[in-house]
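Participant: Give me the fold of what follows.
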Amino acid sequence: MAVSKSMYRCSMTDVASRVRYLSRGKTDSFMKTSSAELAVDLSNLCKHTCFNISLGVINAALKIALYLDLRRRGFDISALRYEDLIARPLDMCRVVLEFCHLPVSLAELAVEAFDVDSQDNSIIAKSAIRYFKEPQLTPQIKTELNEILEKLRVPLIGEPNVIDGTLSCC
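Facilitator: As a prediction, the model looks like this:
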């Protein structure tokens, strides 16, 4: 949800992104193409993408579903939860560095980078998007999005979203 809300706020400052949010046809095409790769029929659910928060949720869900599909097919890949990285940055940076066979001593330096706006001086800098109100997740939108998430076989909104192969510091 945090990423979806951020994507929405970013769309308010970039014309191309804003058009994507407002252009339902483009979103329908994106969903149909991505869901076809997973052999999941979402054609009857494309109407839901008109909600402000939906595009980010569906985008993340499709990536998670593709990731899980790759794992099922035997690819040795791992996931990282944004929530874990934000909640325990030093511990998670150590886990990631160790996983990548890099010196764990770089973890503190990596955490310092969290304090820098990587998009500074751009149209999506934190200072530019912080004034835009986040879209709300209504019970109706949550129910409709969970229909899509269920079809994609990914965690539903409101449930723990730890998936197979997720790196963890615990």
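Participant: For the most centrally placed residue in the chain, give me its contacts.
Facilitator: Centre of the chain computed as the mean C-alpha position; nearest residue by C-alpha atoms, centre = their mean is residue 60, 3.7 Å away. Listed by C-beta atoms under 8 Å, 6 or more residues apart in numbering, the contact set of residue 60 reads 3-4. Where C-beta positions appear, they are placed from N, C-alpha and C, glycine not excepted.
Participant: and it, what element?
Facilitator: helix 54-72 (DSSP states H and E).
Participant: buried ones in the helix or strand just after that helix?
Facilitator: Next helix or strand after helix 54-72 toward the C-terminus (DSSP H and E): helix 82-87. By 16 or more other C-beta atoms under 10 Å, the buried positions in helix 82-87 come out as 84-85.
Participant: counting contacts, what elements does helix 82-87 pack onto?
Facilitator: Helices and strands touching helix 82-87, by 3 or more C-beta pairs under 8 Å, 6 or more residues apart in numbering; DSSP states H and E, are helix 2-11, helix 89-99.
Participant: Least confident of the ones you listed, on average?
Facilitator: Ranked by mean pLDDT, those end with helix 2-11 at the bottom, a mean of 77.
Participant: quick one: it to helix 54-72, angle?
Facilitator: 130 degrees (axes from the mean of the first three to the mean of the last three C-alpha atoms, to 10 degrees).
Participant: What helices and strands are in contact with helix 2-11?
Facilitator: helix 15-22, helix 54-72, helix 82-87, helix 126-129.
Participant: For residue 9, find the nearest of the ones you listed.
Facilitator: Evaluated over the helices and strands packed on helix 2-11, closeness to residue 9 peaks at helix 126-129, with 4.2 Å, by C-beta to C-beta.
Participant: Please list the outside residues in contact with the closest one.
Facilitator: By C-beta under 8 Å, 6+ apart, helix 126-129 touches 6, 9-10, 12-13, 117, 119-120, 122.
Participant: buried residues in that helix?
Facilitator: By 16+ other C-beta under 10 Å, the buried positions in helix 126-129 come out as 128-129.
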